[in-house]
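**Student:** Give the three-dimensional model of this entry:
(4 chains)
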Number of protein chains: 4
Amino acid sequence: MTAKTIFTTSVEFGDCDPAGIVWFPNFFRWIDAASRNYFIQRGVPPWRELEKAVGLVGTPLVSCTSKFVAPATYGDRVNIHTHIAEWGRTSFVQAHVVERVRDDLSTTLLHCREVRVFAAKVEEGSNGIRAIPIPALVRHLCS
Amino acid sequence: MTAKTIFTTSVEFGDCDPAGIVWFPNFFRWIDAASRNYFIQRGVPPWRELEKAVGLVGTPLVSCTSKFVAPATYGDRVNIHTHIAEWGRTSFVQAHVVERVRDDLSTTLLHCREVRVFAAKVEEGSNGIRAIPIPALVRHLCS
Amino acid sequence: MTAKTIFTTSVEFGDCDPAGIVWFPNFFRWIDAASRNYFIQRGVPPWRELEKAVGLVGTPLVSCTSKFVAPATYGDRVNIHTHIAEWGRTSFVQAHVVERVRDDLSTTLLHCREVRVFAAKVEEGSNGIRAIPIPALVRHLCS
Amino acid sequence: MTAKTIFTTSVEFGDCDPAGIVWFPNFFRWIDAASRNYFIQRGVPPWRELEKAVGLVGTPLVSCTSKFVAPATYGDRVNIHTHIAEWGRTSFVQAHVVERVRDDLSTTLLHCREVRVFAAKVEEGSNGIRAIPIPALVRHLCS
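**Tutor:** Numbering: from 1, shown residues only, chains lettered A, B, ... in the order given. Predicted coordinates for the structure are as follows:
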């Protein structure tokens, strides 16, 4: 059985656009937080520590597919349900369901399926990055 | 023949994360600007004028598929090449290719394919939105 | 005695810049949320309801003075302590102290003093705004 | 005589809030870009190169005072006029005037006065930062 985590945030006035609803790049901001939160909940150390240990600088996106079902507005709570659907050698598939809670009612807002890799710098001080094998510790903690 | 537009921006320090590369939600920020820029370049009035005329509040996303190929960092220029791949009755498919320019060299960073709808408020003052037929003026200007 | 409220958030990877610390515009993002949260905690209805009732569209900034004392990074919690230091006829002074919590230790990060006004549209559908007298309901709930 | 630089950007739909005007943290996003742009225009290498040379990781804020005079909305151009008003040993005062251009008319939007320091990591891999003397090269290029 695979773990599921929940990341929770509130929708603020400034997250909304002139149409009064969440401007969609903010959903990706929260999904990125939910992605990292998954690892923290499983006991994985923060990237800055794994950088010292194995050179890891983060888990950049390779691809991303999203379906938007309903909008949200300020005052709503947002819960993101996250799990890992598939593990590769350097990559993994992470699936997120974003829902809003308004007046105690939950409504699904969007589905997002991401492929991410574990990445290190091509060389020290470079801006190039390369995929690295998923660190054994991470793989172990997330099983 | 369909029109293509280019939206250009610069990558700033604050657009980058602790790995020193563009944090991906910022790409969606720029893609959203490129989407709107497409219509402006075709002579479509700003949404706020179409809101008064036909109730339009914007072109929210229905779905989005992206492939990330290479990273960018601060100091890079970013060009987004945008065209409309398909027109529906209330929706359209908009395709974006994002490239960076660094030392006069162009490199493709990501491909993004969006389905968007033309949307109006469900009712005045509501936060609900509904798809509306693409305004004739918009359809005409973008042919 | 005046009320004090606390707004809490977590610092995420994407809130940090290539130096690994919170990029300062994100502090203003959270301070804006803390400003609105103050009114919500006092029982003031959301702006969208006051817009229907008295035309209020928000509480834009008139001026802002900030002192940054210490940085934060991802994994930190951030608490913002907010109170209203002064009431005018259309404006108010709101003071915020931002602190981080890391390993159960609280550290002050910054002080911010804002002057804001209650604002309405100059006219329906306009992008111009004008200060309006603070709604009696707001003044009452915040005393 | 001191140099002045201009940083230009466009206001996008997503930069605006439900009141239809620029959400103020976005002004600080652009001011931060204008601050860095000042040094680039003077020929100062990007921070990532100065990090290798002298450990510099950026120019974080120490304090900031702003006065907001008029709002902007999507479709406006924004120009930021920047100069350095004062040099210290580790710090400098940078002044910004932000104006919008709409229908060929320029309007001042806000004034901002920042104190910033040149900063290095307290130690390699740390999240703590400390002020360092302004690098001689920077001081030379900006005179």
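**Student:** in chain A, which segments are predicted with low confidence?
**Tutor:** Filtered on pLDDT under 70, chain A yields the residue ranges A:1.
**Student:** those strands in it, which residues are they?
**Tutor:** Using DSSP state E, the strands of chain A run over residues A:4-10, A:56-58, A:61-68, A:77-87, A:91-102, A:105-117, A:119-121, A:129-131.
**Student:** Adding mean neighbour count and distance to chain C, write those strands out as a markdown table.
**Tutor:** No exception for glycine: its C-beta is placed from N, CA and C like everyone else's. Shown next, in a markdown table, are the strands of chain A (neighbours: other Cβ atoms under 10 Å in any protein chain shown; distance: least, Cβ to the nearest Cβ, whole Å):
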| stretch | mean neighbour count | distance to chain C |
| --- | --- | --- |
| strand A:4-10 | 17 | 8 |
| strand A:56-58 | 22 | 7 |
| strand A:61-68 | 20 | 12 |
| strand A:77-87 | 17 | 12 |
| strand A:91-102 | 19 | 11 |
| strand A:105-117 | 18 | 13 |
| strand A:119-121 | 20 | 12 |
| strand A:129-131 | 16 | 13 |
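**Student:** Just put these in TSV and tack on distance to chain D.
**Tutor:** TSV is the format used below for the strands of chain A (distance: least, Cβ to the nearest Cβ, whole Å):
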stretch	distance to chain D
strand A:4-10	15
strand A:56-58	12
strand A:61-68	15
strand A:77-87	17
strand A:91-102	16
strand A:105-117	17
strand A:119-121	12
strand A:129-131	14
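**Student:** Mind listing the residues bridging to residue A:96?
**Tutor:** Legend: beta-bridge partners of residue A:96 under DSSP bridges are residue A:82, residue A:112.
**Student:** Now do the contacts for it.
**Tutor:** Residues near residue A:96 by Cβ atoms under 8 Å, 6 or more residues apart in numbering or on different chains: A:31, A:34, A:35, A:80, A:81, A:82, A:111, A:112, A:113, A:114.
**Student:** nearest to residue D:71, of those?
**Tutor:** Taking Cβ to Cβ as the measure, residue D:71 lies nearest residue A:31 of those, at 30.6 Å.
**Student:** I'd guessed that closest one sits against residue A:78; true?
**Tutor:** No - Residue A:31 is not in contact with residue A:78 according to Cβ atoms under 8 Å; the separation is 10.1 Å.
**Student:** Common neighbours of these two, please.
**Tutor:** Common contact partners of residue A:31 and residue A:78 (Cβ under 8 Å, 6+ apart): residue A:98.
**Student:** For the most centrally placed residue in chain A, which residues are in contact?
**Tutor:** Centrality entry for chain A: nearest residue to the mean C-alpha point is residue A:35, 2.2 Å, by Cα atoms, centre = their mean. Applying Cβ under 8 Å, 6+ apart to residue A:35 gives the contacts A:59, A:82, A:94, A:96, A:114, A:116.
**Student:** In a markdown table, list the residues you listed along with distance to residue B:101.
**Tutor:** Formatted as a markdown table, these follow (distance: Cβ to Cβ, whole Å):
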| residue | distance to residue B:101 |
| --- | --- |
| A:59 | 27 |
| A:82 | 35 |
| A:94 | 31 |
| A:96 | 32 |
| A:114 | 27 |
| A:116 | 26 |
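**Student:** Let me know the closest of these to residue D:65.
**Tutor:** So of those, ranked by how close each gets to residue D:65 (Cβ to Cβ), first place is residue A:59, at 39.0 Å.
**Student:** burial count for the closest one?
**Tutor:** Residues near residue A:59, counting by other Cβ atoms under 10 Å in any protein chain shown, number 24.
**Student:** Contact partners for it?
**Tutor:** By Cβ under 8 Å, 6+ apart, the contact set of residue A:59 is A:35, A:36, A:116, A:117, A:118, A:119.
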